[in-house]
Structure formats: structure tokens, C-alpha cells
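Asker: Okay, structure incoming, though there's no sequence with it:
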Ligand SMILES: O=P(O)(O)OC[C@H]1O[C@H](O[C@H]2O[C@H](CO)[C@@H](O)[C@H](O)[C@H]2O)[C@H](O)[C@@H](O)[C@@H]1O
Ligand SMILES: O=c1ccn([C@@H]2O[C@H](COP(=O)(O)OP(=O)(O)O)[C@@H](O)[C@H]2O)c(=O)[nH]1
């Protein structure tokens, strides 16, 4: 799934970076050598699907999931897709799974949903009657047979006493259900209030309740508090029964807080969360006062699933826009942790419906219906009596059809099953009255003494009665075969949801029409429109005229068209089953957690601050290399605000750093360098008062604050491309609100970090395409794509290339005698500049970046003096005679068209026999700030962590 066209990491577009965990084929190790072994996630899923299809034939008669069943974790070949290290972890995961199978043979699936699949009715102090609940989620999970499942949820009743609770727990245990007891007040605030009065309407695009209905903002807050409290109660029950290796699958909008509660308690629990409703556009979600907290809680899950790609896309977009996180093709990333987000369209247990049609009791029901409605065509609506189902709109469209087609008035009947739901919520009560009123009016208008056009039932039907209703037309045709003209084009199901997560009624209708030809009129706003859209007649339920016309079209549809449409949908419904849905989700969840472990291993650890401080204390000659942007600047929120104001665009030193930095700069045993992409004026402005080295424009300009700027750049750099790139940058800046660009001496940077991130990325993509095809196609430049920027630089302008020259100059200038025995290098450097970190790695052979494409031409900023060469009077001298400085040698090499690759030996010598750098021990600390993957040894979360660290270093100078 590609939510987003860019990876979140900084990318130098000259490199073709493979997506994370895109798997490499490792030649012939024991895991990947089998020819039949899948190599990619997709191959594996295809293969598992095949295996499941084979198994499902054997499972058809097995008990449903929540009364126990088979395991789906039997094949050991899932993990041949990763590289060597990944294989080891995968193998370990598999062996865990094998152990599990030996010990218990099945992986346990803990399904957590607001409602249990059964409702409890109290018959005495300690006696309970259990009845199957109605609803799409229950229907779908009833079909799941492949796991040893337990269902955790609310039984739908208030049980205040111990005796009642114990008895109900025992009764439910037989059904493998575990109750969560919620008292009346919580149910009122959490279920009726926050879930059904706030989240449900909002997620279905019906907006938030108005203030007068909310009473006060406090009541919203108290509902949200109750919601969190209820979610914690669910978590407590899960934690109580959880066993290592279990998979916890949280369902729906009632439990958005649950993933966080579970992970806070035990970060090793495998947690999936699935939403059965739509997830609305981020523009809708952002209205919710608790928008961020809810998103973050869901993101605690390992895998987040939705019915459709659109809902998944909206969710990722909400995380990007509201939380400022990165959307990737895999999901949402936050500080190196990925929450996988994907679409898993639910299905039904189609066989159960198809088989039911053969049962005598279903045939009896069909006969009753046939007698009742003989001679009339039947249109069917089956919905919970919910605003989202568009029942008034459906009835009004039917009225319009009858109005415009008087000849049909006594020939067609609409049977509307309207299952009462959430009857304690005032909006639902109002809807009931409204529907009754409309039905009464229409029946009064078009009914006769003996018939009415609408049969409206405010009740639910049991399974067999419902199947009969879904299939009634088929029976009629069979029963009265001599009248095909009248009865063969019978039956239309009318689904007019204003929004609907999926809508299983439409699936069930299709399953029961078997090879017959019932027409499905389906709202384009139901998730099912994405899967059944090709076979259904799609309508916009708000357009009453269109729905009325579609009723006519369906009633008069020629047999061959009905057949084709039905066949398409029937194939879909019978292959995309609820078993398939659940097995895919759980399998993906298992994979995701293994992948997360592998990914975590690739992420550097957090900086061990104590070790960094201790080592600092013990050293005598320290070097601190600090980036500026995002390392030493004050953090901002995702909307680019600080203290409620739009942040000004110039970089400013974090105010809390002023004191510590001063102390560190004034310490005679510490040399501080700020190495930044910013231009000289930005560094002068922020650091001019400190006693430190400033390296501007990625190290191309250098000065000790007490001295003058000098350049470390070759004299002749071709900068002819600048004007045309600037022209392009101006164009995009004008069209991308809150973006800006900076022209520097050696580069030009377009920055969209304060702009809408998604729009900024689209613009960046356009910009890059344009740049490559025109202004820079022949120029000697590097184009570096940052997370939120595009930078065009002269080739060779990187921090990694500059650091050697800077170091040489510092050693020379300060007359350093003792080697540097402590280096702390902190930055939020672009990937292309990360060789700064590896430069200091004691074990690594140093290779400066290749600079083969540099064109040497004309003049480059001659007003700035070149870096002076070291004099013989200098106390520090290189082992090799310092007749030519690093930069001079490099320039010489440039001019000669060669590549200068200093050896470690070249650059490390201070005195005869002694090295500039003494980093053999653990006295080198490189830290990437606000990065997920890096060549640095360690990570720091944000510049606030840099503040803490530098404060500690400064303080230990005082106590020394
Ligand atoms: O338990 P209730 O409050 O009475 O509500 C019943 C269920 O309604 C919702 O169903 C959704 O799930 C279906 C299956 O995925 C989907 O087809 C439908 O479009 C959704 O509306 C709700 O999400 C469930 O939690 C409720 O149990
Ligand atoms: O009298 C009824 C009416 C409906 N249903 C079931 O309720 C579910 C409704 O699911 P859907 O996804 O259409 O909508 P939801 O009610 O979950 O929003 C379907 O499985 C129906 O079989 C039922 O069991 N009895």
C-alpha cells in the first residue's frame, strides 16, 4: 500500500534506497534454499491463502472461533524472505511458534470487542440466559474457525452484585467468553455518550453534537474520561488472562484507547486493532477535541486495520497532519517505531448462509413469505435503526418511485427490517419516531384496504428467518415456474447507508441469491461499494431522484444483466470470507511483530547519557561537533507553532542552551564546533558571542569566533546553475503556502517544514521532476531530498568531506599537543552528511566521498580568504611534512581531475608518533537527533535531550 509517495528518511535522490524491509535474497542459506519457499510478503500471503483454502475445506464443520478450533500456525516456511540477520530472528520466531504448537498446539486469539457475541438476560440471582447478539462484527467473527479464540467484552447488562457476576462469568466461560463488567454510569458516559453520541456520528461524517446537546464541554471531557476508564477495564481483563504468545485483537471505535493500555502494561503483547466503521477524512477527525490522544493510543498497536484503502489512507493522513508523524508505504512511523496500517476488507461465512437455504425451517419461512406477498415484487431493506443507514432516505426514494409509477403501486412491496439499536441515545429515539411517521404517511397515501406498500418491522429476525427473507425470490421462482414473466425478475435489496464501514447485509443478500439474479442497489458510501460495486447498482443515497430511478432500473433489469451482475458479486462474497479476513489479519499481526523486532535492532540505541558524561569527565582534550538545525534549536509542534504563535522561519538557538554552551566553550580543555548547513550570517547571529568554531554551509566556511571567515572550498566552483534553480524555487514557494527557500554560497535550499506536509511532498516531487528534466540536467550538483526540504548543492559540498579539513585547521590553529581523547558529535544531519559520524569511528577505514563529477571553472567567492597552510613555527606538526594543507591537496587533486582519498594515517598525526585522535576506547559518542535510522552510534529524541545532555556536561565542569 502506498500511502505516500516518499519515504520519510532523508534521501539523496542519487541513491536508490530500497524501502525498509524490502527483502534481499541471500544466496543459499538454510532458510531460503527451498525452491518452493516464498520470498516476499506478497508471495507468502499468496501461499498462505492457498493453504487456507485447502484447510478450509476440512474446517467447514468445525465449531466457530469462540468455542474453540484449529490453529492456523502450522507451516514453518513463512520466513524465508529476509536477510541473514533477519532470518535468525525469523527462525527464532518460528521456533517459538513451534514450541507453542508442541505445548498447546494452537495460538490463542483474544478478541476484545465492546460487545460479547452473546447478550445476557438475568433469570434469577445466579441464573442467566444467553442469546446471540445481532450486528456485523458478531456475524463476521462467528465465521472465524481457525484459532483458539477467547472473546472478551461487555455482556450488555449491569451486574452490580458478586453472585450475579460469578454466575455470569461461569455461564459465559462455556462459550469461551470473558465478561468485562461496566457499571451503569460508565455505560452511560462511555457507550451511550462518547462512543455512540460522539465517535460514531463523527466517524460517519454526521459531525459532533452541538453544545446544547453536549450540555457543557465538561460533559464531553467526562465522557472521554469514562471512555478511557472503560478501556482500562477491558485492558485489566485482558492482562489477567493473557499468556505469552497470545495475540490480542482489539475491535472498533469503542476501544481506541485499549492498544495503549495493553502496551503500557506489557510492551511484548502482540496487539492488533481493527476499525469496523469508516475512518473519516482528517478534516473531520481533527474536529475531535481528543483527536491526538486517540490517534496516539491506536498507534500503540502493532497492526491497525480498516475495511478499505480509503479509511486506511485517511488514518495515515490524520497521523501525518495532526500528529506530524511520517506516513510511509507501510504505515505510520514515530521515532523508528512503525505501526503497520493496512486494509483488510471483512467478509461473511458465505457457506453458512448457502447451507441454511437447504434447511427445512428456512424453506418453511420462505413458504410463509411467499403466501404473504404473492403476486408482488419484493424489495428488501435490513438495517439497524441507525442514522447512518439512510432509512428515511430509502423510504422517501421508494415513495418517489411509487409517485412517478402509479402502475407499480400494488405490484411492489418494500420490506424494511429496522433492528432497534442504542435505544438509550436520544438521536436514535428521534429517528424511530421519524421513520414511523414517514412510513405511516406513505402507507396512508399508497395503501389500500388489503395491502400497504411498506412493511416496516422494528425488530430483529433470527438467522433462519433472515436467510429466508434474503432468498425469498428464489423460492417464488421455483414454486411458480409457470409464471416466469411475473416472478423471474423479482427482488431487489436496497442498501442506502449514508456511510457504512462495510455493510454485511449486502454480502448476505448476495450469498442467498445463489445463482439467481437479485439486484443489489448499494450506496456508494458503504465500504461494500468497493468490493461489490461492479455488480451492484451504485447510488448516492442523498439523491432521492437517483435512488428512485435506480429502483425502476433494478425492477426492470433484463435477466442477462442481472445474471452477470449477480455472478460477479457472488464470486466475491464466496471467496472473500470472514475466515479469510481474520486469518489474514492475525497472520499479518504475527509477521508485523517479528518485523518490528528486526527493525528495532536496526535502530541505534538511545545515548547512554551517564556514560557520555563520565567519559567526558575523564578526558583531557575534548572535541564537541554540534549540528544546528533541530539539534540546537527549540523544538516546535507539528503545526510549526511555539507558544501558540507561528514560528518565525529563521533558526534560533534553544534558549536553554545559552548557559551550558557558554560554559563548555569557555572550558580550556573543550573545543566546540558548530557544523551546519546554514549560512555564515545565521551562525554569526546565533553563536557570534561564544568562543567556538563555526563551520557554515556544510563546512565550506570556517572561522574561530575570534577570527575571520575563511573558505575551505576550492577556488573554482561552477555555480552557474544557481539562477535557474532559484527561479524554480521561487515558483514553488509562491505556490506552497508556508514554504520558503534560502540561497547560500554553495547551495540553495527549499524548505516546506512549516507547510502542509502532504502537499509539500507532492510539490517536492513535482519540483524534483522539473529540476532533473531542465535546469540541472547537466550541472555538477547533488540534489539532496530531506524529510521536508530539497537542497541543490555543488558537488562535494558535504559535511563529511569538510570535517577532515576542519579538524586539520583546528589542530593546527590551536597548537594542540595532546591528542583529542573525547569526541561528541551531535546532529540532525541529512543522510548524505552522515559520514561525519563514521569519520571518527576508530575501526573504520576512512574514505572521503567520491567527488568525481566536480567541474572546475572560473572563480569562487574570492573575497573570502583561503584556509592558510600550517607554518613551520606551529607547535603542532603533522608527521608528513605539512607543506600542503588538506584543502590544498584536495584542490590540487580536483584540478588534476583525480579523487583525493586521505588515509587515516594522513590525518591523524599530531606529533612524531602521536595521533590527533585517540579514540580507541569508548570515548567517541555520535548521536543523531530526531532520526530513526542513522549511521550514528546513538539517538537522541529531540533538541530537548541535547539541552539535558549539554547541561550535564556543563555542570560537571563546575563540580570538577
Ligand atoms: O453493538 P451495537 O452498538 O448495537 O452495534 C452493532 C455493531 O455495529 C457496528 O458494525 C460495523 O461492523 C460491521 C462489520 O465490520 C460493518 O459491516 C458495519 O458497516 C459497521 O457499522 C459496530 O462497528 C459494531 O461494533 C457494533 O457491534
Ligand atoms: O434481524 C436481523 C438483522 C440483521 N442481522 C445481522 O446484523 C448484521 C448487520 O451487519 P452490517 O454490517 O450490515 O451493519 P451493522 O449493523 O454492523 O452496522 C448482519 O450480519 C445481519 O445478518 C441479524 O442478525 N438479524
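Answerer: Structure's in. What do you need? All values reported here derive from a predicted model rather than from experimental measurement. Ligands and ions are numbered 1, 2, ... in the order given.

Asker: Just give me the neighbour total for residue 358.
Answerer: By other Cβ atoms under 10 Å, 8 other residues sit near residue 358. C-betas here are computed from N, CA, C, even on glycine.

Asker: now residue 540
Answerer: 16.

Asker: what's the spacing between it and residue 736?
Answerer: Distance of residue 540 to residue 736, given as Cβ to Cβ, to the nearest Å: 34 Å.

Asker: Then residue 272?
Answerer: Taking Cβ to Cβ, one finds residue 272 at 37 Å from residue 736.

Asker: what's the answer for residue 296, then?
Answerer: From residue 296 to residue 736 the distance is 28 Å (Cβ to Cβ).

Asker: between residue 272 and residue 736, who's got more neighbours?
Answerer: residue 272 (25 against 20).

Asker: So which elements touch the helix or strand hosting that one?
Answerer: Residue 272 is part of strand 270-274 when elements are defined by DSSP states H and E. Judged by 3 or more Cβ pairs under 8 Å, 6 or more residues apart in numbering; DSSP states H and E, strand 270-274 is in contact with strand 247-251, helix 258-265, strand 303-306, helix 578-602.

Asker: partners of that strand in the sheet?
Answerer: Counting by DSSP bridges, the strands paired with strand 270-274 are strand 247-251 (parallel), strand 303-306 (parallel).

Asker: out of those, nearest to ligand 2?
Answerer: Nearest to ligand 2 among those is strand 247-251; the distance by Cβ to the nearest ligand atom comes to 11.5 Å.

Asker: do that closest one and ligand 2 meet at all?
Answerer: No. Judged by Cβ under 6 Å from any ligand atom, strand 247-251 makes no contact with ligand 2; its nearest approach is 11.5 Å.

Asker: For residue 689, give me its contacts.
Answerer: Residue 689 makes contact with residue 705, according to Cβ atoms under 8 Å, 6 or more residues apart in numbering.

Asker: ok, now how distant is it from residue 426?
Answerer: The gap separating residue 689 from residue 426 is 65 Å, by Cβ to Cβ.

Asker: now residue 824
Answerer: 62 Å.

Asker: For these two, indicate the residue with more neighbours.
Answerer: For residue 824 versus residue 426, the count of surrounding residues by other Cβ under 10 Å is larger for residue 824: 26 against 12.

Asker: did I read that right, the more buried one in a helix?
Answerer: No. Assessed with DSSP: H, G, I helix; E, B strand; the rest coil, residue 824 is strand; it does not lie in a helix.

Asker: how many neighbours does whichever residue of the stretch 551-700 of the chain sits closest to ligand 2 have?
Answerer: With Cβ to the nearest ligand atom, the shortest gap between the stretch 551-700 of the chain and ligand 2 falls at residue 578, namely 10.0 Å. Residues lying near residue 578 (other Cβ under 10 Å) number 23.

Asker: Ok, the one 10 residues further on next?
Answerer: Neighbourhood size, residue 588 [other Cβ under 10 Å]: 21.

Asker: so it makes contact with residue 301?
Answerer: No. Using Cβ atoms under 8 Å, residue 588 is not in contact with residue 301, being 11.9 Å away.

Asker: Just to check, residue 198 is in contact with residue 207?
Answerer: No. With contact defined as Cβ under 8 Å, residue 198 does not count as touching residue 207 (10.2 Å).

Asker: who's more crowded, those two?
Answerer: residue 198 (21 against 10).

Asker: quick one, strands of the stretch 751-900 of the chain?
Answerer: For the stretch 751-900 of the chain, applying DSSP state E, counting those that start in this stretch gives strands covering 781-785, 789-794, 822-827.

Asker: helices or strands up against the first one?
Answerer: It stands for strand 781-785. Under the contact criterion of 3+ Cβ pairs under 8 Å, 6+ apart, strand 781-785 touches strand 11-12, helix 757-773, strand 789-794.

Asker: Same list (these) but as a markdown table, adding mean pLDDT.
Answerer: Shown next, in a markdown table, are those (pLDDT from 0 to 100):
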| stretch | mean pLDDT |
| --- | --- |
| strand 11-12 | 34 |
| helix 757-773 | 88 |
| strand 789-794 | 91 |
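
Asker: Name the residues of the helix or strand residue 445 falls within that come out as buried.
Answerer: Secondary structure from DSSP H and E places residue 445 in helix 426-446. By neighbour count with 16 or more other Cβ atoms under 10 Å, helix 426-446 contains the buried residues 427, 428, 431, 432, 435, 438, 439, 442, 443, 446.

Asker: can I get those residues in CSV with distance to residue 948?
Answerer: What follows is the buried residues of helix 426-446, written out as CSV (distance: Cβ to Cβ, whole Å):
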residue, distance to residue 948
427, 50
428, 52
431, 55
432, 59
435, 61
438, 65
439, 67
442, 70
443, 73
446, 76
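
Asker: And the residues you listed, which is closest to residue 166?
Answerer: Taking Cβ to Cβ as the measure, residue 166 sits nearest to residue 428 out of these, at 32.9 Å.

Asker: ok, back up a step: most tightly surrounded among the helices and strands packed on strand 781-785?
Answerer: strand 789-794 (a mean of 24; mean count of other Cβ atoms under 10 Å).

Asker: Quickly find the element holding the nearest residue to residue 241 once chain neighbours are set aside.
Answerer: In this structure, residue 241 finds its nearest non-sequential neighbour in residue 178, 6.3 Å apart by Cβ to Cβ, 6 or more residues apart in numbering. Element membership for residue 178, per DSSP H and E: strand 177-179.

Asker: Now do that strand, average pLDDT.
Answerer: For strand 177-179, the mean per-residue pLDDT is 96.

Asker: and after that strand, which helix or strand comes next?
Answerer: As assigned by DSSP H and E, the chain's next helix or strand after strand 177-179 is helix 184-186.

Asker: per-residue confidence averaged over that next one?
Answerer: Helix 184-186 shows a mean pLDDT of 93.

Asker: Residues touching that helix, excluding its own?
Answerer: By Cβ under 8 Å, 6+ apart, the residues outside helix 184-186 that reach it are 158, 226, 229, 230, 233.

Asker: By neighbour count, which of those wins?
Answerer: Within those, most neighbours by other Cβ under 10 Å means residue 230, with 26 neighbours.

Asker: Quick one: residues contacting that residue.
Answerer: Contacts for residue 230 (Cβ under 8 Å, 6+ apart) come out as 182, 186, 190, 191, 254.

Asker: Taking those, tell me the two that lie furthest apart.
Answerer: Among these, 186 and 254 lie farthest apart (Cβ to Cβ), at 12.0 Å.

Asker: and these two? which has more neighbours close in?
Answerer: Applying other Cβ under 10 Å to residue 186 and residue 254 shows that residue 254 carries more neighbours, namely 26 against 18.

Asker: any idea how far that one is from ligand 2?
Answerer: Distance, residue 254 to ligand 2, by Cβ to the nearest ligand atom, to the nearest Å: 13 Å.
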